[in-house]
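# this is a predicted model, with the sequence first.
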Amino acid sequence: MMFELFIAKRIYLSNDSRKQVSKPAVRIAMLGIAIGLAVMIVSVSVVIGFKQEVREKVIGFGFHIQISNFDSNQSYETRPVAATDSLLSALASVDGVSHVQRFSTKPGIIKTDEDFQGMVLKGVGPEYDLSFFRGHLLEGEIPSFSDSSATNNVVISKALADKLQLKLGNKIYTYYIQDDVRARRLTVKGIYQTNFSEYDNLFILGDIYTVNRLNKWEPEQVSGIEIQIGDYDQLDDTEERISAQVNGRQDEYGSTYYSQTIQQLNPQIFAWLDLLDLNVWVILILMIGVAGFTMISGLLIIILERTNMIGVLKALGANNLMIRKIFLYFSVFLIGKGMLWGNIVGFAICFIQNYFHVIKLEPETYYVDTVPIGGNIWIFLLLNICSLLVSVLMLLGPSYLITKINPSKSIRYE
């Protein structure tokens, strides 16, 4: 093995000016490897980042798991369940659960002098984790929400504020239709923007006391309970533990509890995100195929130019396997250099995009205003290892050409 590696290094480091054909072929092969790997790194980073961004926004509006009334339909005019202190404590003690909070919703209409807009008032209590909305707050502040008195303060989205020409401190009149028409005057205390149009165009955030009064519910009744977990990969396992405790149980008002994951609540969005994985696999296969074929053509040209050397090695006693190893080692050096440049270019593009947001997107279509970047070191390490292995394996067949070279004829070949 040391002999094959030594010869391969000599070939790789050789500056023989007579090899005018192989030098461009080698450069093209390395360029193909570099471009292919850079494209794969950028593609994987963008898809991972995009999935993380969209998933975090969906989870930000509803957490990982929700418990609601089994009889509730998909509308925001919900049926209540009782969120007692004992139930909330039991849910918080489930393995994997990091936070539990209540919410209630009430669909209604915002009316101004010039326009009106449908919306959903989402009421939250003092225990509600507002870090998601604070992270996307553009103006104003997140007020303290109460479950014992009406504050009449709300946070609205920039999309609604722009449509209705609302600003901080404006009083808005909202109307709710159930058995009769009920009105509430609310004050805009904050404006948020997540670029997730399905929610930005719909939700305003208020206190749970007001929503429960509008729904004519008892103080402990809510639309549902949102549960945050510590590890997203354990979502299904945690939901099973929760469903074993609550599913099928009835509260004191006769309502039946029912738990669902955020994936079950938003199947279209998560199915769309899963479909992006197929695009990544197509890109990976195409790029590895292009890089592999450029290496194959480069190796064949090098073998043809080194026919004389191959004949000499065979005459000195080297067998076909040893010579094939020499050229495979040489190919690994070329692939390694191409991968080095591919990593440099790929990570440089990701770094620039992540910190300077060069490439913009239309948020109404893509839910984000710039191309997101994500990933971790293990994914990129695996990508490099797989690229190297696949490229070398693709060269095993072309290296078989060495066995067809006759020493007596090849020594005379120039």
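Received, thanks.

# drop to CA atoms for contacts and neighbour counts, all remaining ones
Fine.

# what's the helix ranked longest in the chain packed up against?
Identified as the longest helix of the chain according to DSSP state H is helix 22-62. With contacts defined as 3 or more Cα pairs under 8 Å, 6 or more residues apart in numbering; DSSP states H and E, the packing partners of helix 22-62 are helix 262-265, helix 267-305, helix 320-356, helix 377-396.

# and stretch 269-280, which residues are buried?
For stretch 269-280, the neighbour count (16 or more other Cα atoms under 10 Å) marks Phe270, Leu273, Val280 as buried.

# residues near the residue nearest to the first one when sequence neighbours are not counted, how many?
What that stands for is Phe270. Of all residues beyond its chain neighbours, the one nearest Phe270 is Gln263 (6.1 Å), with distances taken as Cα to Cα, 6 or more residues apart in numbering. In terms of burial, Gln263 registers 18 neighbours under the definition other Cα atoms under 10 Å.

# how much space between Gln263 and Ile323?
Relative to Ile323, Gln263 is positioned 55 Å away (criterion: Cα to Cα, to the nearest Å).

# and the pLDDT for the residue nearest to the spatial centre of the chain?
Nearest residue to the geometric centre of the chain (Cα atoms, centre = their mean): Lys51, 2.2 Å. According to the model's per-residue confidence, Lys51 sits at a pLDDT of 92.

# quick one: distance of the helix or strand hosting Glu198 to the chain centre.
Of the helices and strands defined by DSSP states H and E, Glu198 is found in helix 197-200. Relative to the centre of its chain, helix 197-200 is centred 19 Å away, using Cα atoms, centre = their mean, to the nearest Å.

# give me the contact list for it.
Contact with helix 197-200 is made by Phe61, Ser157, Lys158, Ala159, Leu160, Gln193, Thr194, Glu364, Tyr367, as judged by Cα atoms under 8 Å, 6 or more residues apart in numbering.

# tell me the least confident of those?
Of all the contacts of helix 197-200, the model is least confident about Glu364, whose pLDDT is 78.

# buried stuff in stretch 254-271?
Under 16+ other Cα under 10 Å, the buried positions of stretch 254-271 are Ser255, Thr256, Tyr257, Tyr258, Ser259, Gln260, Thr261, Ile262, Gln263, Leu265, Phe270.

# oh sorry, the question was meant for stretch 53-63
Residues of stretch 53-63 classed as buried: Glu53, Val54, Arg55, Lys57, Val58, Ile59, Gly60, Gly62, Phe63 (neighbour count, 16+ other Cα under 10 Å).

# just the buried positions in stretch 383-390, please.
Taking 16+ other Cα under 10 Å as the neighbour-count basis, stretch 383-390 is seen to contain the buried residues Leu383, Asn384, Ser387, Leu388.

# low-confidence ranges, the stretch 1-150 of the chain, go.
Filtered on pLDDT under 70, the stretch 1-150 of the chain yields the residue ranges 1, 15-22, 73-75.

# just the helices in the stretch 1-150 of the chain please.
2-13, 22-62, 85-92, 131-135 (DSSP state H, counting those that start in this stretch).

# endpoint to endpoint, stretch 369-379 covers what distance?
Terminal residues of stretch 369-379 lie 25 Å apart, using Cα to Cα.

# who does the longest strand along the chain pair up with?
When the chain is parsed with DSSP state E, its longest strand is strand 97-111. Strand 97-111 sits in its sheet next to strand 116-124 (antiparallel), strand 171-177 (antiparallel), strand 224-229 (antiparallel), going by DSSP bridges.

# and these, which is most packed in?
Ranked by mean neighbour count under mean count of other Cα atoms under 10 Å, the strands paired with strand 97-111 are led by strand 224-229, which reaches a mean of 23.

# kindly export it (C-alpha atoms) in CSV.
Below are the C-alpha coordinates for strand 224-229, written out as CSV (Å, rounded to 0.1, in the frame of the first residue of the first chain):
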residue,chain,number,x,y,z
GLY,A,224,-57.5,24.5,24.3
ILE,A,225,-54.2,23.9,26.1
GLU,A,226,-50.9,24.3,24.2
ILE,A,227,-48.0,22.2,25.2
GLN,A,228,-44.3,22.9,24.5
ILE,A,229,-41.8,20.0,24.4
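
# how far away from the center of its chain is that strand?
Relative to the centre of its chain, strand 224-229 is centred 22 Å away, using Cα atoms, centre = their mean.

# thinking again about what came up before, redo the buried residues of stretch 383-390 as CSV? Include distance to Ala150 and pLDDT.
As requested, those are exported to CSV (distance: Cα to Cα, whole Å; pLDDT from 0 to 100):
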residue, distance to Ala150, pLDDT
Leu383, 55, 92
Asn384, 58, 93
Ser387, 60, 90
Leu388, 63, 90
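
# of all those residues, which two lie farthest apart?
Comparing all pairs in those by Cα to Cα, the longest separation belongs to Leu383 and Leu388, at 8.6 Å.

# so Leu88 sits right up against Val97, yeah?
No - using Cα atoms under 8 Å, Leu88 and Val97 do not qualify as a contacting pair, with a distance of 11.3 Å.

# who's more crowded, the two?
Summary of the neighbour comparison: Leu88 and Val97, criterion other Cα under 10 Å, with Val97 having more neighbours (20 against 16).

# that concludes my questions; thank you for your assistance.
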